[in-house]
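>>> Got a predicted model here, sequence first, then my questions.
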Amino acid sequence: MVFFLQNVVNALQWGSFYALIALGYSMVYGILMLFNFAHGDIFMVGAYIGFGVATGLLALSSAAGVALPGWFVLVLTILLSMVLTALVGVTVERVGYRPLRGAPRASAAITGLMIGIILETGNLALLGARRISFPSLIETATYNVGGVYVTNKKIMIVVVSVLLMIALHQFIHRTRWGMAMRAMAFDYVVVPLMGVPINTIAAMTFAIGSALAAAAGILFGVAYPVLDPYMGIVFGWKAFVAAILGGRGSILGATLAGFLLGFIEIFVAMVFPSTLRDLIAYSIILVILTFRPHGFFGEPHSARLRL
Amino acid sequence: MRKVAWTTLSFLLAVALACPAMAGKKTIKIGLNVPITGDIPKVGEGSKYAAEMWLEDIEKAGGLEVGGKKYPVEIVIEDNESKAESAVKVATKLITDDEVLVIVGPQSSKQAVPAGEVANNYETPMISPWSTNPDTTKDRPYVFRGCFLDPFQGPVLANFITDEFGFTKAAVLYDVASDYPKGLAEFFKEAWEAKHSKGSVVAFESFTTKDTDFSSQLTKIIKSGAQVLFTPQYYNEVALIVQQAHQLGWDKPIVGSDSWGSAETVELCGKDCYGAFFSTHYAAAGATGATKAFIDRYKAEYGYVPDDVGALTWDSLRLVETAIQSCGKITGRIEKDRKCVRDALARIKEFDGITGKMTFTEEGDPIKCAVIVRISDSGEYEFYKSVCP
């Protein structure tokens, strides 16, 4: 039982990352009908920006002689990096995708791949291949709850992720901009004709997705403090799987699918030899997709899907 | 008529072979096939710096003296990105394009095993300073190495843990997609189970390269009741594994292999790695003689204590130097010179390097002592014990 619960805790943390990144994929795909394959690399960029901001803040506070509490620096880092990474996302949309809006979908998809490679190698050129150790802003405190080990970082990661997901849900369902996004997801040819500014909505979608990826990147840095320029690739693929599995454009779907992916991976490794983890985990997902080809919350779509 | 044709043909062939060699100056070219970027850039950096230091010495002496004549030496450094396929490409390029006499590297077995195949096929001598997997040199007359092998390191660690702690149950966590950890994990398991009993490796868990979360494997290991965790990983994974193990409540010893020896392990891992043990080729703390001179010079030039890769690269280059010199002359005909250097390398029976005295076996593998290092409470690599075969 303790063993099982320990793995639930492990899976909750692991799933949080998939869910946060999947949201960015899902929004862009849902609203703009676009596979933004650079999203995994935006996650990487977010982690590096977080590293820069955190290091900068620590240097500033020590220069000023003020000892800022670690959690305060962390919160500030998350917020600042979300803004900065959102700007990166908007730039990617402006430079990479907007000029290709009328182009065939395949061109837009490879644009994402190319931007991803540019971000990876750009980072490599800028910072070199050296692994970067994410500064440990808060001391790890380990709690033993009846044999199940939980750290303050794990709790924080899950709580912050869930809060961000709720905030996003509220934004999409309670604001006018959110309504515009949902309308766009419904039909992005007709809705702009009714006065919804497509460029603003597209930029906003990318900004929100990237900000969430940045949050995921920093939380990732807190939990796994070794950053490298290629960390976003496989992660991006898997989160993309979660986004599709959740159903097109569904916030709840992407969130649940992200956590489900985390659970499947962790529990497959728990029961089977860990060597077979991804083999079995992704076979399971393939089976799920066979029975639910539109994902959990996706609806069979009309003529709008043009790939 | 036929005879004339054959004579002409062989004459033309001889001219064709001799021409490019005669045209160029007789520079001794040595290729360095190392990971400047990729997963373990620190390894590439250490190799590069050691090679630069070696070249400096040669240049100070006015070139490498072979048979009374001095030849200029050039080192061609190529990045294998720490990938097997790139290492193969680099080896091919160095051999066919740059026409190097000898290749030093690749460092990790993942690249050295496939690159060794290429070097052997092209009959170009290659020496891997750091690859401990037996397959690198096995049945390859042109491939050599500067370090001990995994089948040696496995029992050394199994014996060390048994003697030191008296443990009987061990757990292993390794990367199944990488030659080095996989090989070593299996050799350790074999040695441990031979020493104790079948099934005494109570958890044998794996992951794949680039994984960052090991929580489910570690949870399994903790549940298995193992007394010690052995993880033969590279420095970037060591940090994550050790930290996560502690966060999941693991408070028993963690033991690693020579891949831990990078200067970056402690930097990434921090306090979590203090008190861990690993086996390696040399320990910087407490070194004497030529080893100390090398360490001091390296530190003065590059600002940090060299790790084992640097020291082994240095020894490998010195081995190559010895071989070229004992070759007697450089003819400028690359195939012939390569053959000569390979034979000379194979003839070396004993060599006194900065990573210890070595003698060579038929396969081209050195026999030398291993060192057990403990990471001290201030994060330094402390000499703990020397284990000889």
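Received the coordinates, thanks. Numbering: from 1, shown residues only, chains lettered A, B, ... in the order given.
>>> Grab the nearest non-local neighbour of A:Gly209.
A:Gly24 (3.1 Å; C-beta to C-beta, 6 or more residues apart in numbering or on different chains). Glycine gets a C-beta too; all of them are placed from N, C-alpha and C.
>>> contacting residues around residue 184?
No chain in the question, so chain A it is. Contacts for A:Met184 (C-beta atoms under 8 Å, 6 or more residues apart in numbering or on different chains) come out as A:Ile31, A:Leu32, A:Val191, A:Pro192, A:Val196, A:Ile198, A:Ile201.
>>> looking at chain B here, not the other one
Shown in contact with B:Leu184 (C-beta under 8 Å, 6+ apart): B:Thr132, B:Asp150, B:Gln153, B:Gly154, B:Tyr174, B:Pro232, B:Ser257.
>>> can you do 10 Å?
B:Leu184 sits next to B:109, B:132-133, B:149-151, B:153-154, B:157, B:172, B:174, B:230-233, B:256-259, B:279 when contact means C-beta atoms under 10 Å, 6 or more residues apart in numbering or on different chains.
>>> Among the residues you listed, which ones lie close to chain A?
Here is what survives when these are matched to chain A using C-beta under 10 Å from any C-beta of the partner chain: B:Tyr174.
>>> Out of the contacts of B:Leu184, which sit inside strands?
With DSSP state E as the criterion, strands contain B:Val172, B:Tyr174, B:Phe230, B:Gly256, B:Ser279 from among the contacts of B:Leu184.
>>> so where's chain A uncertain?
For chain A, the stretches flagged by pLDDT under 70 are A:299-307.
>>> Pretty sure the residue nearest to A:Gly209 sits against A:Ile251.
No. Using C-beta atoms under 10 Å, A:Gly24 is not in contact with A:Ile251; the gap is 11.1 Å.
>>> Show me which of these two is the more surrounded one.
A:Gly24 (30 against 22; other C-beta atoms under 10 Å in any protein chain shown).
>>> in which helix or strand would I find the more buried one?
Taking DSSP states H and E as the criterion, A:Gly24 maps to helix A:2-32.
>>> next SSE after that helix?
Using DSSP H and E, the helix or strand that follows helix A:2-32 towards the C-terminus is helix A:39-64.
>>> elements contacting that next one?
helix A:2-32, helix A:70-92, helix A:105-127, strand A:132-133, helix A:198-223, strand A:226-227, helix A:232-246 (3 or more C-beta pairs under 10 Å, 6 or more residues apart in numbering or on different chains; DSSP states H and E).
>>> again, 7 Å this time
Here helix A:39-64 touches helix A:2-32, helix A:70-92, helix A:105-127, helix A:198-223, strand A:226-227, helix A:232-246, going by 3 or more C-beta pairs under 7 Å, 6 or more residues apart in numbering or on different chains; DSSP states H and E.
>>> Name the strands paired with the fifth one and say parallel or antiparallel.
Think strand A:226-227. Here strand A:226-227 is paired, per DSSP bridges, with strand A:132-133 (antiparallel).
>>> Contacts made by the following helix or strand past the partner strand with the rest, please.
Moving toward the C-terminus from strand A:132-133, the next helix or strand (DSSP H and E) is strand A:142-145. The contact list for strand A:142-145 (C-beta atoms under 7 Å, 6 or more residues apart in numbering or on different chains) reads A:Tyr149, A:Val150, A:Thr151, B:Gln247, B:Gly249.
>>> got it, and stretch B:310-326?
Residues external to stretch B:310-326 that are found in contact with it (C-beta under 7 Å, 6+ apart): B:28, B:30, B:46-47, B:49-51, B:54, B:64-66, B:102, B:104, B:127, B:129-130, B:146-147, B:281-282, B:294, B:298, B:341, B:344-345, B:347-348, B:351, B:353-355.
>>> What of stretch A:73-83?
By C-beta under 7 Å, 6+ apart, the list of residues contacting stretch A:73-83 from outside reads A:46, A:49-50, A:53-54, A:57-58, A:137-138, A:211, A:214-215, A:218.
>>> what's the distance between it and the middle of its chain?
Its chain's C-alpha centre and that of stretch A:73-83 lie 16 Å apart, by C-alpha atoms, centre = their mean, to the nearest Å.
>>> do stretch A:239-246 as well
In terms of C-alpha atoms, centre = their mean, the centre of stretch A:239-246 is set 11 Å apart from its chain centre.
>>> how about stretch B:362-381: buried residues?
Going by neighbour count (16 or more other C-beta atoms under 10 Å in any protein chain shown), the buried part of stretch B:362-381 is B:363-366, B:368-375, B:381.
>>> so how far is the first residue of that stretch from its last?
End-to-end distance of stretch B:362-381 (C-alpha to C-alpha, to the nearest Å): 33 Å.
>>> Okay, the nearest residue to B:Glu193 once chain neighbours are set aside and chain A: tell me how far apart.
Counting by C-beta to C-beta, 6+ apart, B:Glu193 lies nearest to B:Ser200, which is 5.6 Å off, once chain neighbours are set aside. Distance, B:Ser200 to chain A, by C-beta to the nearest C-beta, to the nearest Å: 18 Å.
>>> My read is that B:Ser200 contacts B:Trp192, right?
Yes. Between B:Ser200 and B:Trp192 a contact is recorded at 6.1 Å, counting by C-beta atoms under 7 Å.
>>> Which one's more surrounded, these two?
Neighbours were counted for B:Ser200 and for B:Trp192 using other C-beta under 10 Å; B:Trp192 has more, 26 against 16.
>>> and that one, what is it in contact with?
Contacts for B:Trp192 (C-beta under 7 Å, 6+ apart) come out as B:Ala158, B:Ala170, B:Ser200, B:Val201.
>>> quick check, nearest of those residues to chain A?
B:Val201 (13.4 Å; C-beta to the nearest C-beta).
>>> okay, now that closest one: neighbour count?
Other residues close to B:Val201 by other C-beta under 10 Å number 22.
>>> Repeat that for A:Met194.
The number of residues packed near A:Met194 is 9, by other C-beta under 10 Å.
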